[in-house]
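Colleague: below is the structure, and that's it, no one-letter string:
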């Protein structure tokens, strides 16, 4: 197993400190590998080091303009509620990848947070691209943000759950 594969397996094993040291060592030798930068960005995101994550994603994008780099950068922005920046990153990803329902889903979430009617349009696009995947994304979103939130009443949770379950 080469060192890069070892670093990725350390991330999977949640040995983040070791993975970070190994990735930093690799990046000190090879600065022009976008996958190295991307992986270091993913690790930084897991560690909630958003500045480092954005720096790494930017480096990856400068080396190779890939949809997955923009998508993950957008998710990092969304996690920090930097919604306008997230929209920009997701738009950049959508320019390259029109068949990824998660991109439309995350755009929809962004626009809903901005109280922008385009939220509905993007959710519909996600559903048209892949209904099954979109339903799973909605289910995951409900579970992560509503199901266990003590500030959401049981009646609201029940209604939301019913609406999610009713999606075909």
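Modeller: Structure's in. What do you need? This one's a predicted model, so the numbers in the text were calculated from it and none came from an experiment. Residues are numbered from 1 along each chain as shown.

Colleague: for residue 90, see how far away the most centrally placed residue in the chain is.
Modeller: Central residue of the chain (C-alpha atoms, centre = their mean): residue 75, 3.3 Å from the mean position. For residue 75, the distance to residue 90 equals 9 Å [C-beta to C-beta, to the nearest Å]. Bear in mind the C-beta positions are built from the backbone N, C-alpha and C, glycine included.

Colleague: wait, the residue nearest to the centre of the chain sits on residue 86?
Modeller: Yes - judged on C-beta atoms under 8 Å, residue 75 makes contact with residue 86 at a distance of 7.5 Å.

Colleague: helices of the chain, residue ranges please.
Modeller: 3-12, 16-29, 34-46, 50-63, 67-79, 83-96, 101-113, 118-129, 131-142, 154-165 (DSSP state H).

Colleague: so which elements touch the last one?
Modeller: Packed against helix 154-165, as judged by 3 or more C-beta pairs under 8 Å, 6 or more residues apart in numbering; DSSP states H and E, are the following elements: helix 131-142.

Colleague: pLDDT averaged over the helix it packs on - what is it?
Modeller: Throughout helix 131-142, pLDDT has a mean value of 94.

Colleague: only the buried residues of it, if you could.
Modeller: Residues of helix 131-142 classed as buried: 134, 135, 137, 138, 141, 142 (neighbour count, 16 or more other C-beta atoms under 10 Å).
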